[in-house]
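# This is a predicted model, with the sequence first.
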Amino acid sequence: MQVLSVASEVYPLIKTGGLADVAGALPLALKGYGVSVKTLMPGYPAVMRMVENATVRMSFESLLGAKADVLEVEHQGLDLLILDSPTFFDRPGGPYADATGKDHFDNWRRFAALSKAGAIIAQGGMAQGESGWQPDIVHVHDWQAAMVPAYMRYAAEPEIPTLVTIHNIAFQGQFGADIFPYLELPPHAFGIGGVEYFGGVGYLKAGLQTGWAISTVSPSYAEEILTPEFGMGLEGLLAYRAADLHGIVNGIDTGIWNPATDTAVKANYTAASLKTRAANKRAVAERFGLIEDDGPLFCVISRLTWQKGMDLLAEAVGDLVELGARLAVLGSGDRALENAFHAAAAHHPGRIAVLPTYDEPLSHLMQAGSDAIIIPSRFEPCGLTQLYGLRYGCIPVVARTGGLNDTVIDASHAALAARTATGVSFGPVTAGNLRRALRRAVRLYRDPKVWTAMQKQGMKSDVSWEKSAGLYAELYKNLLARKGS
Ligand SMILES: Nc1ncnc2c1ncn2[C@@H]1O[C@H](COP(=O)(O)OP(=O)(O)O[C@H]2O[C@H](CO)[C@@H](O)[C@H](O)[C@H]2O)[C@@H](O)[C@H]1O
């Protein structure tokens, strides 16, 4: 089976968050199920620097007003189709925003272009010639690619089955109605059954409306987004599409995330040599300028935002220090939250430290050296850092929501007795409950037998892509069958 995946970021070429991890790892895992994936992504400068010997597969004189080529290249086991359009993608800053953090002014056009290119390829744009190729299925990720099924719906060529995956419903790609004339869609596409959303244009909404099936990245989140609290305005449409809505939990690339072979950590280890983690713990303390003692070392690896509950943690950090713990925070985000953590670090030197940067290798070392990772998210479609934590013996302390709820087993009395506990979870998500969870985690840490048993249990959890890739393969097959019927 041939699949076209469309995503705005793909690890290891470009990453701002978990979407890249998934878009980079899932195609590799699907190979085991006889599914071949080509991934269409934008040719940002960082991406263009990494690709060599690419072949031009298609050229557009005008793709939403700009010249563009589709280049094909293989990179670390991934088959990539790169949308090379200097007008849209060759510019400083990140994939979505400039260096000051302001969204690129033409994101609507850039990602409509990505989606339109995806739709054209899906409907046979690359099918001609000896090396011609056309997918059986299209799988698109988040709002940046969600217009693919809409472009297909309003094209002359027959549709092929589409799957739209929601990684985060908070980001919807909503724009004013004034962009509609430039989207190169027929006038009737601007309606409730098409791209219209609250009087404007909604990219994710368009995908949820026109995609054959919808998935999100955990079973719990698939239920949560049917409610007004989590659906962020799309709960009505999702309820209408409920029969086509699936929840498949993310996995992680267990080759890249393997404490026994990870080159980014100071000392490699397995579940049988957990004491070796001490060398990594010292290295983390040193990198963050924290004092060294025998208390627990907590970490955060996250965007510092309201979604991630970082304001709640900022309120609770004093308790951590009182409990004899230390905290290393890696991440940046909202200015006010960054400032709150900087203030806490200034107030508790040697006990709390913040590095407001993005540092992939350091994130590996922190998972390998910290005792626990704190993830107090208000909502979390899946979450990957708790999965890395489980794999590395870094106990997750998590909010009981979304994928966190589906992947971490709380250290309740029953779970401890049954030796199934892998972390500490709390809910509802309030600062008070987070405080209690942190206190509970420190108490468990002070009982090395219990703590080690939890670490080992976590390291035994299946966090690989194997099972979930199988579920995606099955979903693709069902969609294909629907096409035939
Ligand atoms: N400062 C830093 N330095 C280095 N690495 C950093 C970092 N800050 C974050 N990261 C890394 O970025 C990724 C974040 O992924 P998450 O899944 O936790 O959340 P995100 O909200 O980005 O993803 C959305 O999509 C994913 C994928 O489906 C869902 O799991 C999630 O719930 C949803 O919100 C992880 O790989 C993490 O290690």
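Received the coordinates, thanks. This structure is a prediction, so every number in the text was calculated from the model and none was measured.
# what residues does the strand or helix carrying A20 touch?
For A20, the element it lies in under DSSP states H and E is helix 18-30. Contacting residues not belonging to helix 18-30 are listed as 3, 5, 7-15, 36-37, 39, 41, 77-79, 141-142, 167-168, 217, 250-253, 256, 382-384, 464-466, 468-469, 472-473 [C-beta atoms under 8 Å, 6 or more residues apart in numbering]. Where you see a C-beta, it was placed from the backbone N, CA and C, and this is true even at glycine.
# could you flag which of those residues are buried?
3, 5, 7-11, 13-15, 37, 39, 41, 78, 141-142, 167-168, 217, 250-253, 256, 382-384, 464-465, 468-469, 472-473 (16 or more other C-beta atoms under 10 Å).
# wait, M126 sits on V70?
Yes - counting by C-beta atoms under 8 Å, M126 does reach V70; the two are 7.3 Å apart.
# residues shared between the contacts of those two?
With C-beta under 8 Å, 6+ apart, M126 and V70 have common neighbours 57-58.
# Just the C-alphas of the longest helix along the chain, formatted as CSV.
Assignment by DSSP state H gives helix 466-484 as the longest helix of the chain. Taking Å, rounded to 0.1, in the frame of the first residue of the first chain, the C-alpha atoms of helix 466-484 are listed here in CSV:
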residue,chain,number,x,y,z
GLU,A,466,4.7,-1.3,16.6
LYS,A,467,1.2,-1.7,17.9
SER,A,468,0.0,1.8,16.9
ALA,A,469,1.5,1.5,13.4
GLY,A,470,-0.5,-1.7,13.0
LEU,A,471,-3.7,0.3,14.0
TYR,A,472,-2.9,2.9,11.4
ALA,A,473,-2.3,0.2,8.7
GLU,A,474,-5.6,-1.3,9.6
LEU,A,475,-7.4,2.1,9.4
TYR,A,476,-5.8,2.7,5.9
LYS,A,477,-7.1,-0.8,4.8
ASN,A,478,-10.6,0.0,6.0
LEU,A,479,-10.6,3.2,4.1
LEU,A,480,-9.4,1.5,1.0
ALA,A,481,-12.2,-1.0,1.4
ARG,A,482,-14.7,1.9,1.7
LYS,A,483,-13.4,3.3,-1.6
GLY,A,484,-14.1,0.0,-3.3
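# Can you list the neighbours in contact with that helix?
1, 3, 26, 29-30, 32-35, 136-137, 139, 160-163, 212-213, 215, 246, 248-251.
# The ligand next: which of those are close?
N250 (C-beta under 6 Å from any ligand atom).
# which of the contacts of helix 466-484 count as buried?
Buried among the contacts of helix 466-484 (16+ other C-beta under 10 Å): 3, 26, 29-30, 33, 35, 136-137, 139, 160-163, 212-213, 215, 246, 248-251.
# Filter these down to the ones in helices?
26, 29-30.
# Among those residues, find me the one that's closest to the ligand.
Nearest to the ligand among those: L26, at 9.8 Å, using C-beta to the nearest ligand atom.
# Show me the strands in the stretch 151-300 of the chain, by range?
162-166, 174-175, 196-197, 200-202, 213-216, 245-247, 297-301 (DSSP state E, counting those that start in this stretch).
# hang on, the earlier thing: spell out whether the longest helix of the chain and the ligand are in contact.
No - using C-beta under 6 Å from any ligand atom, we find that helix 466-484 stays clear of the ligand, coming within 10.9 Å at best.
# Check stretch 144-157 too.
No - if you take C-beta under 6 Å from any ligand atom as the test, stretch 144-157 misses the ligand, and the best it gets is 12.5 Å.
# and the residue lying closest to E380 once chain neighbours are set aside, how many residues sit next to it?
Of all residues not flanking E380 in the chain, G402 sits nearest, at 4.1 Å (C-beta to C-beta, 6 or more residues apart in numbering). By other C-beta atoms under 10 Å, the residues close to G402 number 29.
# Next, give phi and psi for G402.
Taking degrees, to the nearest 10, you get phi 50, psi -140 for the backbone angles of G402.
# Please tell me how far it sits from E130.
For G402, the distance to E130 (C-beta to C-beta, to the nearest Å) stands at 46 Å.
# Tell me how far stretch 2-10 lies from the chain's centre.
14 Å (C-alpha atoms, centre = their mean, to the nearest Å).
# Make 59 the first number, not 1, from now on.
In the new numbering, first residue 59, that becomes stretch 60-68.
# And it, end to end?
19 Å (C-alpha to C-alpha, to the nearest Å).
# how near is M517 to the ligand?
18 Å (C-beta to the nearest ligand atom, to the nearest Å).
# in a helix, that's where that residue is, yeah?
Yes - using DSSP: H, G, I helix; E, B strand; the rest coil, the assignment for M517 is a helix.
# from the strands of the stretch 209-358 of the chain, which stretch is densest packed?
Of the strands of the stretch 209-358 of the chain, the one with the most neighbours on average (mean count of other C-beta atoms under 10 Å) is strand 220-224, at a mean of 27.
# what lines up beside that strand in the sheet?
As defined by DSSP bridges, the strand partners of strand 220-224 come to strand 195-199 (parallel), strand 271-274 (parallel).
# mind listing what R458 touches?
Contacts of R458 (C-beta under 8 Å, 6+ apart): 468, 483-485, 487.
# Quick one: residues contacting P216.
Q181.
# For the stretch 259-408 of the chain, what lies in contact range of the ligand?
275, 308, 359-361, 388-389.
# let's see 5 Å
275, 359, 388-389 (C-beta under 5 Å from any ligand atom).
# Save these as a markdown table, and put in distance to K263 too.
A markdown table is the format used below for these (distance: C-beta to C-beta, whole Å):
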| residue | distance to K263 |
| --- | --- |
| V275 | 19 |
| I359 | 31 |
| L388 | 34 |
| G389 | 30 |
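# Now the two most distant members of these.
V275 and L388 (22.4 Å; C-beta to C-beta).
# mind listing the helices in the stretch 359-508 of the chain by residue range?
368-380, 393-405, 418-427, 443-450, 460-465, 471-476, 489-503, 506-518 (DSSP state H, counting those that start in this stretch).
# Switch those helices over to a markdown table; also include mean pLDDT.
Conversion of the helices of the stretch 359-508 of the chain to a markdown table gives the following (pLDDT from 0 to 100):
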| stretch | mean pLDDT |
| --- | --- |
| helix 368-380 | 96 |
| helix 393-405 | 97 |
| helix 418-427 | 98 |
| helix 443-450 | 98 |
| helix 460-465 | 98 |
| helix 471-476 | 97 |
| helix 489-503 | 98 |
| helix 506-518 | 98 |
